[in-house]
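# Curious how this folds, go ahead:
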Amino acid sequence: MLTNEAYKPINCDDYDSLELACQKQWSLMLELKNGEQLKVKAQDMITRKNVEYLVVELAGEVRELRLDHIASFSHPELGTVIVSESD
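Numbering: from 1, shown residues only. Have a look, this model is predicted:
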(Lines give C-alpha, C1' and ligand atoms only; values in the text may rest on other atoms or scores of the structure.)
Protein backbone atom coordinates (compact mmCIF):
# COMPACT_ATOMS: atom_id res chain seq x y z
CA MET A 1 0.00 0.00 0.00
CA LEU A 2 1.16 3.47 -0.71
CA THR A 3 2.24 5.46 2.32
CA ASN A 4 1.38 8.80 0.71
CA GLU A 5 -2.33 8.01 0.33
CA ALA A 6 -4.76 10.12 2.37
CA TYR A 7 -5.19 8.80 5.91
CA LYS A 8 -8.71 7.69 6.86
CA PRO A 9 -9.18 7.63 10.66
CA ILE A 10 -10.61 4.45 12.12
CA ASN A 11 -13.71 4.13 14.31
CA CYS A 12 -13.16 5.37 17.90
CA ASP A 13 -14.23 2.05 19.45
CA ASP A 14 -11.67 0.17 17.33
CA TYR A 15 -9.00 2.72 18.29
CA ASP A 16 -9.87 2.28 21.98
CA SER A 17 -9.55 -1.51 21.67
CA LEU A 18 -6.09 -1.15 20.12
CA GLU A 19 -5.12 1.31 22.85
CA LEU A 20 -6.18 -1.24 25.50
CA ALA A 21 -4.13 -3.92 23.73
CA CYS A 22 -1.08 -1.64 23.94
CA GLN A 23 -1.63 -0.88 27.63
CA LYS A 24 -1.80 -4.63 28.37
CA GLN A 25 0.98 -5.51 25.87
CA TRP A 26 -1.31 -8.13 24.29
CA SER A 27 -0.37 -10.38 21.42
CA LEU A 28 -2.74 -9.76 18.52
CA MET A 29 -3.49 -11.49 15.27
CA LEU A 30 -3.72 -8.78 12.62
CA GLU A 31 -4.99 -8.96 9.09
CA LEU A 32 -3.92 -6.10 6.88
CA LYS A 33 -6.01 -4.84 3.99
CA ASN A 34 -3.44 -6.29 1.57
CA GLY A 35 -4.22 -9.78 2.97
CA GLU A 36 -1.05 -10.12 5.04
CA GLN A 37 -1.59 -11.83 8.41
CA LEU A 38 0.70 -11.03 11.32
CA LYS A 39 1.03 -12.19 14.92
CA VAL A 40 2.33 -9.15 16.81
CA LYS A 41 2.75 -7.77 20.30
CA ALA A 42 0.99 -4.42 20.67
CA GLN A 43 3.27 -1.77 22.16
CA ASP A 44 2.10 1.79 21.51
CA MET A 45 -0.05 4.13 19.45
CA ILE A 46 1.59 7.15 17.84
CA THR A 47 0.57 9.98 15.53
CA ARG A 48 2.95 11.44 12.98
CA LYS A 49 1.92 14.06 10.41
CA ASN A 50 -1.79 13.44 11.15
CA VAL A 51 -1.44 9.69 10.52
CA GLU A 52 -2.06 7.23 13.36
CA TYR A 53 0.12 4.13 13.76
CA LEU A 54 0.10 1.00 15.88
CA VAL A 55 3.62 0.24 17.10
CA VAL A 56 4.13 -3.52 17.31
CA GLU A 57 6.86 -6.03 17.91
CA LEU A 58 7.04 -8.55 15.10
CA ALA A 59 9.70 -11.29 15.11
CA GLY A 60 11.90 -9.23 17.44
CA GLU A 61 11.62 -6.05 15.35
CA VAL A 62 9.58 -2.93 16.02
CA ARG A 63 7.24 -1.92 13.20
CA GLU A 64 4.74 0.89 12.78
CA LEU A 65 1.51 -0.06 11.03
CA ARG A 66 -0.92 2.57 9.76
CA LEU A 67 -4.25 2.06 11.48
CA ASP A 68 -6.15 2.48 8.21
CA HIS A 69 -4.16 -0.42 6.71
CA ILE A 70 -5.49 -2.85 9.36
CA ALA A 71 -8.54 -4.83 8.21
CA SER A 72 -9.08 -6.73 11.47
CA PHE A 73 -7.44 -7.76 14.71
CA SER A 74 -8.20 -10.39 17.30
CA HIS A 75 -7.39 -11.33 20.89
CA PRO A 76 -9.24 -13.69 23.28
CA GLU A 77 -10.30 -10.72 25.47
CA LEU A 78 -11.59 -8.70 22.48
CA GLY A 79 -12.76 -11.33 20.03
CA THR A 80 -12.27 -10.45 16.37
CA VAL A 81 -12.66 -6.79 15.51
CA ILE A 82 -13.30 -5.75 11.91
CA VAL A 83 -11.80 -2.27 11.64
CA SER A 84 -14.09 0.37 10.19
CA GLU A 85 -13.52 3.96 9.18
CA SER A 86 -14.64 6.78 11.42
CA ASP A 87 -18.06 8.24 10.63
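
# which residues touch the lowest-mean-pLDDT helix or strand in the chain?
Ranking every helix and strand in the chain by mean pLDDT, DSSP states H and E puts strand 79-82 at the bottom, with a mean of 94. Here strand 79-82 makes contact (C-beta atoms under 8 Å, 6 or more residues apart in numbering) with 14, 17, 71-74. All C-beta atoms are positioned from the backbone trio N, CA, C, and that covers glycine.

# Neighbouring strands - and their directions - for the top strand by length along the chain?
When the chain is parsed with DSSP state E, its longest strand is strand 37-48. According to DSSP bridges, strand 37-48 forms sheet pairs with strand 27-32 (antiparallel), strand 51-58 (antiparallel).

# Tell me what the nearest residue to Q37 once chain neighbours are set aside is bridged to.
Nearest non-adjacent residue to Q37, counting by C-beta to C-beta, 6 or more residues apart in numbering: E31, 5.2 Å away. Note on E31: beta-bridge partners Q37, S72, judged by DSSP bridges.

# Tell me, what's the model's pLDDT at E31?
With respect to pLDDT, E31 scores 97.

# R66 now?
For R66, pLDDT reads 96.

# Low-confidence stretches in the protein?
For the chain, the stretches with pLDDT under 70 are 1-4, 87.

# The same query, at a cut-off of 90, please.
When residues are selected by pLDDT under 90, those of the chain lie in 1-5, 85-87.

# still on that earlier bit, from the contacts of strand 79-82, pick the one nearest E36.
A71 (9.5 Å; C-beta to C-beta).
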